[in-house]
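> sequence and computational prediction follow.
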Amino acid sequence: HFHMLCVPQSSDDVLKHIFGSIVAGFLEVFPSDVQAQAPRVTTATIDVYKNIREAMRPTPAKSHYTFNLRDLSKVFQGVLMVDRPHLVDAPALLRLWLHEEARVFRDRLVDDDDRGLFNDMCARAIAEGPLAAVVEDASAWSVDSFGDILFGDYLSRDDKRYREISEPDELPELFKEYLDEFNVTFPNSMDLVFFKDAIAHVSRIARILRQPRGNALLVGVGGSGRQSLTRLASFVADFKCKSIEITRTYNTDAWHEDLKQTLFLCGIQGEDVVFLLTDTQIKEESFLEDINNLLNSGDVPNLYAVDEMEQIINGVRPFCREAGIIDTRDNIMALYVQRVRERLHIVLAFSPIGSSFRNRCRMFPALVNCCTIDWFSAWPAEALSSVADAFLGKADETLGVRDYVEPLARMCVTVHKGVEVASARFLREQRRTTYTTPTSYLELLRLYFSMLAEQRVSVEAKISRYEGGLRKIAEANEMVAELQVKLTKMQPELAQAKKDTETLLKELAVDQKEADIAAAQAAKDEAETSKVAANVKAIKDDCERDLEEAMPAYHSSIKALDTLDKKDIQEVKSFAKPPALVAKVMEAVCILLGAKPSWDEAKKLLGDMKFLDSLRTYDKDNIDPKIIRKITKYIRDVEFEPDTVAKTSSAAKSLCMWVRAMHKYDSVAKTIEPKKAKLKEAQAELSEAQGVLEVKRRELKRIQDRVAELQRSYEDSLAKKEDLEAKSTATQLRLGRAQKLTDGLGSESERWRAAAQQLRRDRHNLVGNIVLAAGCIAYLGPFTAEFRRDLTSKWVDECVALSIPVDDGFDLSRVLADPVAVREWNIQGLPADAFSTENGLFVTRGRRWPLMIDP
């Protein structure tokens, strides 16, 4: 049902005509000596292509060694990327040609033999082939220099023209700047070391990404930097790097959704996107089928739903009209696919280990045909050393490796390379394959730092414990000596304290007796004085009762006087001939005031401004008896009453009241005069008694103060004695305990001192011991006990040669194992031999899944 058409392979003449025309047309604007090389470059390229196809055929181990016209066209495509200012003469064109040949063909070769064969082909093309006329001295074009030629567009963000890298030594610093910028821009920072191979791979990936429809297949073992370098190259090219995130539920639907979003970015939004996919992310082989379709045609069949198709149509239609293309659905979809192919750069990161890579290359040929292959070889010694230097150079000061950075880096390289050699011998002798990858090397370095920090803390803690124990023993010995001196010194003090206390107790008894006698006498005198005071109080109270009879009348008279004013006095004074009662009152007033009892004299007194004040301040306590006798007749007069006088004159009433009050007060005063004398005599007696009592009280207080002082002294002396006794007892107890401790630990101190000394040696040797321990965990799991012993023995010798401190008889178990944990392993059934213990350490101390072969 089908017509078969046979399309024969193009002949050399056809190929030269096609590619020669393209190259010649491109070189028309270049200098004439460059233009003249077009046919030579074309012929040389085709010759090298044919030689490679013949010499390097695909094998099971090299299944990607398939070369076709796409690879040939990629060489010419690379040549066409250079602008005229950067291709000034024929030698420059020759270097460009060598570079593009290497990128297309040599970068996919898996070993040095094949790469050497390729270099020989290029060298023959220069020395004997079509390019011989280009160079004056073919011997100057060393095969070894081919790998140093680099072209790229990453020297400047502003100038993205493809050119030769004339100063490759400046590239590490340049890419370090790009890396710093990347780490500032993105949250997931990277820590890369730019050794020569890493720079070459970044440059190769960047070259692929700058080409339309440039896709890459990066083949290398884990840890070789495929993903990190791709992300950096994408950042350098200002492309967005996309990848998928694998989860337990990730399936084909999620894959198609991620794929569509990536294709929309390229086809609709016009963004340059790098789609990074690793072989560990391929949960289903259908993922690769979709990638195969994308590489071949730029599209995945039945990928879009109806609404998504409309989204594409509406999004791309403006670009279709802008390009002058009729905006039919077919044209729009064709333009969408074209935009995807030009802007989407698929980068596949596969591992060559096992049969998966070979099978996938066979099942999905576009992986090889449509991708530029970059084979990540094992890191050379220079790369290993650079990485180790970078790690060790950033080590914390407390780890103690700053003085050993260079020898430790060389030691790490020795460990890695030694395991590679041992792996080859292990394969020959045991028929077992072990893989030594950059991941193993990075694991070695990371383990070294983590375990060194952990072990240094552990060893320091053990040293601190032993030294602390030794210090305690020394302190105990010193304390015993001090306590003995202290106890000896304390005995005389204790005896003196007892003597002082007894003396004070005797003095206290004598003074206390004297104080008791004085207190009794003072109490007796105080009782007698109290009797005298009671008598004085009785007499005083009697006098005050008598005075209380006269005082109301006196106070009433003074109050009545206060009611008088000038008008009242003037009223009395105005009488030319006063009424008889008023005249009597004034006569009595004149008598009391020592004046002549007449009305004229009375008027004079009334005219005195201080008349009332003289009445108020009258000396009632010292009235002359003659005056009292003279006014008695007035007092006895029945009409000489205030109420009677008031009928005649209110002012005279007040004066009458005053006269009667003076008479009555004097009468009472004469009655209590003996009592006052008796009171005065009793008060004198009381004052004398109180004086005597006060003297005796002061004497008693003096004696009591003396007793109190003696009591305090006695109590202080007693407390001092008791304190000295307590201290003496405590000192004896401490001395006994300390002597028991020193006697018991006497034999232990020597053992502790030896253990501390050994730990100090261990601390000094940690730098070398831990690098060997890290090497064992990172590499030696699959090896037999014999191989392990052989490798560690060689490593110890190398450490000694590099002056790295290390145990002469290095034992992994002694360096890392906890005896208690190992004993528990043995109880649980782990054999007690060294090989099994090492396996236990590989399981518990490793950071990755351990691989060990049970013997």
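Perfect, I can see it now.
> which SS class is residue 652?
helix (DSSP: H, G, I helix; E, B strand; the rest coil).
> which residues does residue 766 contact?
Applying C-beta atoms under 8 Å, 6 or more residues apart in numbering, we find residue 766 in contact with 400, 452, 455-456, 459, 805. Any C-beta I mention is one placed from the backbone N, CA and C, and that applies to glycine too.
> which of those residues tops the neighbour count?
Neighbour counts for the contacts of residue 766 (other C-beta atoms under 10 Å) peak at residue 452, which has 23 neighbours.
> on that earlier part again, which of the contacts of residue 766 fall in helices?
Mapping these onto helices (DSSP state H) picks out 452, 455-456, 459.
> farthest pair within those?
452 and 459 (10.3 Å; C-beta to C-beta).
> quick one: residue 242 is in a helix?
No - counting by three-state DSSP, residue 242 is not found in a helix; it is strand.
> look at the residue lying farthest from the centre of the chain and give its secondary structure.
Farthest-out residue of the chain from its mean C-alpha position, per C-alpha atoms, centre = their mean: residue 577, at 119.4 Å. Look at residue 577: counting by three-state DSSP, its state is coil.
> with residue 194 instead?
Of the three states, residue 194 takes coil under three-state DSSP.
> ok, it touching residue 170?
No - contact criterion C-beta atoms under 8 Å: residue 194 and residue 170 do not qualify, at 11.1 Å.
> skipping adjacent residues, who's closest to the residue farthest from the centre of the chain in space?
Of all residues not flanking residue 577 in the chain, residue 599 sits nearest, at 7.9 Å (C-beta to C-beta, 6 or more residues apart in numbering).
> how close does that neighbour get to residue 99?
Between residue 599 and residue 99 the computed distance is 161 Å (C-beta to C-beta, to the nearest Å).
> who has more neighbours, these two?
More crowded of residue 599 and residue 99, by other C-beta under 10 Å: residue 99, with 24 against 18.
> could you report the neighbour count for residue 469?
Using other C-beta under 10 Å, residue 469 has 17 neighbouring residues.
> the more surrounded of residue 194 and residue 170?
Counted by other C-beta under 10 Å, residue 194 and residue 170 do not tie: residue 194 has more neighbours, with 21 against 11.
> show the average pLDDT along stretch 801-813.
Mean per-residue pLDDT for stretch 801-813: 90.
> brain fart, stretch 603-613
Mean per-residue pLDDT for stretch 603-613: 80.
> which residues in the stretch 651-800 of the chain form helices?
785-801 (DSSP state H, counting those that start in this stretch).
> and the stretch 51-200 of the chain, by the same measure?
In the stretch 51-200 of the chain, the helices defined using DSSP H, counting those that start in this stretch lie at 69-79, 90-104, 112-127, 171-185, 196-210.
> can I get the longest one as CSV, trimmed to CA atoms?
It stands for helix 112-127. Taking C-alpha atoms only, helix 112-127 is exported to CSV below (Å, rounded to 0.1, in the frame of the first residue of the first chain):
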residue,chain,number,x,y,z
ASP,A,112,41.0,10.3,26.1
ASP,A,113,41.8,7.7,23.4
ASP,A,114,38.9,8.9,21.2
ARG,A,115,39.6,12.6,22.0
GLY,A,116,43.3,11.9,21.0
LEU,A,117,42.1,10.3,17.7
PHE,A,118,39.9,13.3,17.0
ASN,A,119,42.8,15.7,17.7
ASP,A,120,44.9,13.8,15.3
MET,A,121,42.3,14.1,12.6
CYS,A,122,42.2,17.9,13.0
ALA,A,123,46.0,18.0,13.2
ARG,A,124,46.3,16.1,9.9
ALA,A,125,43.7,18.5,8.3
ILE,A,126,46.0,21.4,9.3
ALA,A,127,49.4,19.8,8.5
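> buried set for that helix?
Neighbour-count burial for helix 112-127 flags 114-115, 117-119, 121-126 (criterion: 16 or more other C-beta atoms under 10 Å).
> now do stretch 24-31
For stretch 24-31, a neighbour-count test (16+ other C-beta under 10 Å) marks 24, 26-27, 30 as buried.
> quick check: strands, which of these are part of them?
Residues from the buried residues of stretch 24-31 lying in strands, with DSSP state E as the criterion: none.
> quick check, nearest of the residues you listed to residue 323?
Closest approach to residue 323 among the buried residues of stretch 24-31 (C-beta to C-beta): residue 26, at 24.3 Å.
> before we move on, the earlier item: quick check: the gap between the residue farthest from the centre of the chain and residue 569.
Taking C-beta to C-beta, one finds residue 577 at 18 Å from residue 569.
> residue 64 now?
Distance, residue 64 to residue 569, using C-beta to C-beta: 151 Å.
> kindly report the same for residue 591.
Using C-beta to C-beta, residue 591 is found at 19 Å from residue 569.
> same check, this time on residue 695
Distance, residue 695 to residue 569, using C-beta to C-beta: 59 Å.
> those two: which is more packed in?
Legend: neighbour count by other C-beta under 10 Å for residue 695 and residue 569, higher for residue 569 (19 against 12).
> secondary structure element holding the closest residue to the more buried one other than its chain neighbours?
Sequence neighbours aside, residue 606 is the residue nearest to residue 569 in space, at 5.4 Å (criterion: C-beta to C-beta, 6+ apart). Element membership of residue 606 [criterion: DSSP states H and E] is helix 599-607.
> show the subsequent helix or strand relative to that helix.
Sequence order places helix 611-616 as the next helix or strand after helix 599-607, per DSSP H and E.
> since we're on residue 711, how many residues are nearby?
Residue 711 has 14 neighbouring residues, counting by other C-beta under 10 Å.
> do you know how far it is from residue 507?
Relative to residue 507, residue 711 is positioned 10 Å away (C-beta to C-beta).
> ok so, going back, tell me, how many residues neighbour the residue nearest to residue 569?
When counting by other C-beta under 10 Å, one arrives at 21 neighbours for residue 606.
> now the one 3 residues further on
The local packing count at residue 609 equals 8, with neighbours defined by other C-beta under 10 Å.
> let's have the chain start at 49 instead
In the new count, where the first residue is 49, that last one comes out as residue 657.
> and the nearest residue to residue 268 once chain neighbours are set aside, its phi and psi?
Excluding the flanking residues, the one nearest residue 268 by C-beta to C-beta, 6+ apart is residue 424, at 2.6 Å. Per-residue torsions, residue 424: phi -90, psi 100 (degrees, to the nearest 10).
> same deal with the one 3 residues further on?
Dihedral angles phi and psi of residue 427 (degrees, to the nearest 10) take the values phi -60, psi 130.
> how close does the residue nearest to it when sequence neighbours are not counted get to residue 829?
For residue 427, ignoring the flanking residues on the chain, the nearest one in space by C-beta to C-beta, 6+ apart is residue 486 at 5.5 Å. In this structure, residue 486 and residue 829 are 17 Å apart, going by C-beta to C-beta.
> what's the answer for residue 661, then?
Computed as C-beta to C-beta, the residue 661 to residue 829 distance reads 131 Å.
> ok, those two, which is more surrounded?
Each of residue 661 and residue 829 has its neighbours counted (other C-beta under 10 Å); residue 829 has more, 20 against 11.
> now do the helices in the stretch 249-398 of the chain.
Under DSSP H, counting those that start in this stretch, the stretch 249-398 of the chain gives helices at 274-284, 300-315, 334-345, 354-370, 377-391.
> next one: the stretch 449-598 of the chain
Under DSSP H, counting those that start in this stretch, the stretch 449-598 of the chain gives helices at 453-478, 486-611.
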